[in-house]
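# Need a 3D model of the following:
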Amino acid sequence: LLFALIITPCLVQAGSSTDRMAPVIDGDTIVVLDSGNAPHSPGQQRVDAPDRKSAPGTQSKENLPDGWQLLTFSGIERHTGYSLVEEGDTVVVKAVSEQSASGLTRAVSIDPVAYPVIQWRWKVNNVLQKGDVKSKDGDDYPARVYITFAFDPDRASFVDRLQHEAAQFIQGQDVPYRVISYIWGSNVPAGTMIANAYTDKAMMFVVQGGSEKLQQWLTQERNVYEDYKKAFGEEPTMISGVAIMTDTDNTGESAVAWYGDIIFTSNHTGAH
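The predicted structure is shown next:
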């Protein structure tokens, strides 16, 4: 039973209680990562803006988006490199993974009922030959965006409360209740929904699959509220964190990806 309660490392810390933003009162958009293309409206809450003066090519905190933190995992020595780079007239996050794994996380507090739609921009250089959504050995992705959901003891079942308490004890920190990850699948078609190979508390939605749209900027949009209900069959709790991750430690391959704006909005914008 103890082993069944251990949550995969990718779920931890993205919902950390530190550096959490207050709920938005005005405006219909929350900007979580802003590379300059995110729509701005009067009264909107801007959560994060990259420091355009940071020099690319380093892994220092000064070269990461404001409010975002590095996420590394115990037992994994090689880390993906993240840096702010210029891309045209914008600044984006570049991820370079060489048989490595780590991520960037941003703690937030967002009501998925009021702000159900997430939109983000990404570009992927290559897919992974050994990538496999069904196995732990193939659980690597050239790009993924995580959404973590806060634990609510008033809504959780008795078993969920026991599992959460055990996970907190093992990890020594707060852990999310559920996780949705939007992935670029290497060898699986877009539209697939599948549980993560490590835990059914994390459901993956394949937003892009294969190599057809590599090396071009794509704007994606998903209804997080509806995806959560489809994945878990219940109403979602508060969104507690957002994370991005490019990892290749299980497959032993390499990948490069870029991440642009990440926003939450109350309405669909028409992006695909």
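# so where's the stretch 51-200 of the chain uncertain?
Along the stretch 51-200 of the chain, segments meeting pLDDT under 70 span 51-62, 153, 156-175.
# Do you have the helices of it handy? List them.
158-171 (DSSP state H, counting those that start in this stretch).
# Which pLDDT does the model give Asp28?
With respect to pLDDT, Asp28 has a value of 83.
# Please report how far it lies from His79.
37 Å (C-beta to C-beta, to the nearest Å). (Glycine included, C-beta is placed from N, CA and C.)
# of those two, who's got more company?
Using other C-beta atoms under 10 Å as the criterion, Asp28 and His79 rank with His79 on top: 19 against 16.
# surely the more buried one meets Thr72?
Yes: checked against C-beta atoms under 8 Å, the pair His79 and Thr72 is within contact range at 5.7 Å.
# list the residues that contact both of those two?
By C-beta atoms under 8 Å, 6 or more residues apart in numbering, His79 and Thr72 have these common neighbours: Ser102.
# Figure out the helix or strand that the residue nearest to Pro116 when sequence neighbours are not counted lives in.
Residue nearest to Pro116 in three dimensions, not counting chain neighbours: Tyr225, with 3.6 Å by C-beta to C-beta, 6 or more residues apart in numbering. Using DSSP states H and E, the element containing Tyr225 is helix 224-232.
# Please identify the buried residues of that helix?
Val224, Tyr225, Asp227, Tyr228, Ala231, Phe232 (16 or more other C-beta atoms under 10 Å).
# tell me the angle of whatever helix or strand comes next after it relative to helix 224-232?
Counting by DSSP H and E, the next helix or strand C-terminal to helix 224-232 is strand 239-247. Relative orientation of strand 239-247 versus helix 224-232 (axes from the mean of the first three to the mean of the last three C-alpha atoms, to 10 degrees): 80 degrees.
# Quick one: mean pLDDT over the next helix or strand along the chain from strand 239-247.
For strand 239-247, the succeeding helix or strand toward the C-terminus, using DSSP H and E, is strand 254-265. Average pLDDT, strand 254-265: 96.
# Got the phi and psi for Thr80?
For Thr80, the backbone dihedrals (degrees, to the nearest 10) come out as phi -70, psi 140.
# I'd assumed Ala95 was in contact with it.
Yes: using C-beta under 8 Å, Thr80 is in contact with Ala95, at 5.6 Å.
# any residues in contact with both of those two?
Common neighbours of Thr80 and Ala95 (C-beta under 8 Å, 6+ apart) are Met245, Thr246.
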